[in-house]
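Engineer: quick one: sequence and predicted model below, then my questions.
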Amino acid sequence: SAVISQKPSRDICQRGTSLTIQCQVDSQVTMMFWYRQQPGQSLTLIATANQGSEATYESGFVIDKFPISRPNLTFSTLTVSNLSPEDSSIYLCSVPSSLAGGTDTQYFGPGTRLTVL
Amino acid sequence: AQSVTQLGSHVSVSEGALVLLRCNYSSSVPPYLFWYVQYPNQGLQLLLKYTTGATLVKGINGFEAEFKKSETSFHLTKPSAHMSDAAEYFCAVSDREGGSEKLVFGKGTKLTVNP
């Protein structure tokens, strides 16, 4: 299984600012996913980040609010912009279990717990 | 579109009792199904998965799940609950309809184990 790390593990931010979350994987992967888990809720996919192309956003999520970078096959960042208290959530990145994707398992990072005041 | 329904947002059992967490899915193609566990203040850990083959799959920590196509179910069981099993459990289906790798999650079931 892949080893995934995220930074920061948690943060408290002021309304109107932005937070950039980093996701590092110990192996090369084609796709990386970013999920949001709002308090007491399940996980919702924000976007799929492919190396060398624009991220693909799910309905209800837009690039201006959640810009994503994917500079190489082991790293991605998610920025949550213009923060409001409604953005308080856990943000998790995940990767498929093989380089080529098309596989049946995703592994998750430990998550970043964001609190917006 | 694929979807997952977990019956019961909270389940409470006594230590040593049977754990049964229910999951039903909707999919127009043969599904890939997963159970993940989330301990407090931690990320998600894969418990077990079903893709093809044997419909009874065994996972970590003594958990198992059975894929029943006729019932569109993938319920998670453990014969004897342990205090350390207290966590939130998520059932998920892979978005094979859409041809992507993303997962569609149920709303989760919080398991409480009483001494």
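Structural biologist: Ah, there it is.

Engineer: what residues does chain B put near chain A?
Structural biologist: Residues of chain B that fall close to chain A, judged by C-beta under 8 Å from any C-beta of the partner chain: B:32, B:34, B:36, B:41-46, B:49, B:51, B:90, B:94, B:100-103, B:105-108. The C-beta positions use only the backbone N, C-alpha and C, and glycine is treated the same way.

Engineer: give me the low-pLDDT residue ranges for the chain?
Structural biologist: Went with chain A since none was named. A:1, A:98-104 (pLDDT under 70).

Engineer: sorry, I should have been clearer: chain B.
Structural biologist: For chain B, applying pLDDT under 70 flags the ranges B:96-100.

Engineer: can you give me the strands for it?
Structural biologist: All strands of chain B, identified by DSSP state E, fall at B:3-7, B:10-14, B:19-26, B:33-38, B:44-50, B:56-58, B:64-68, B:73-78, B:87-94, B:103-105, B:109-114.

Engineer: mind putting the ones you listed into TSV with distance to residue A:72 and mean neighbour count?
Structural biologist: Listed next are the strands of chain B as TSV, based on distance: least, C-beta to C-beta, whole Å; neighbours: other C-beta atoms under 10 Å in any protein chain shown:
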stretch	distance to residue A:72	mean neighbour count
strand B:3-7	33	17
strand B:10-14	42	14
strand B:19-26	35	18
strand B:33-38	27	23
strand B:44-50	24	21
strand B:56-58	35	14
strand B:64-68	36	18
strand B:73-78	36	21
strand B:87-94	25	24
strand B:103-105	24	24
strand B:109-114	37	17
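
Engineer: which one of these lies closest to residue A:4?
Structural biologist: Proximity to residue A:4 (C-beta to C-beta) singles out strand B:44-50 among these, at 10.6 Å.
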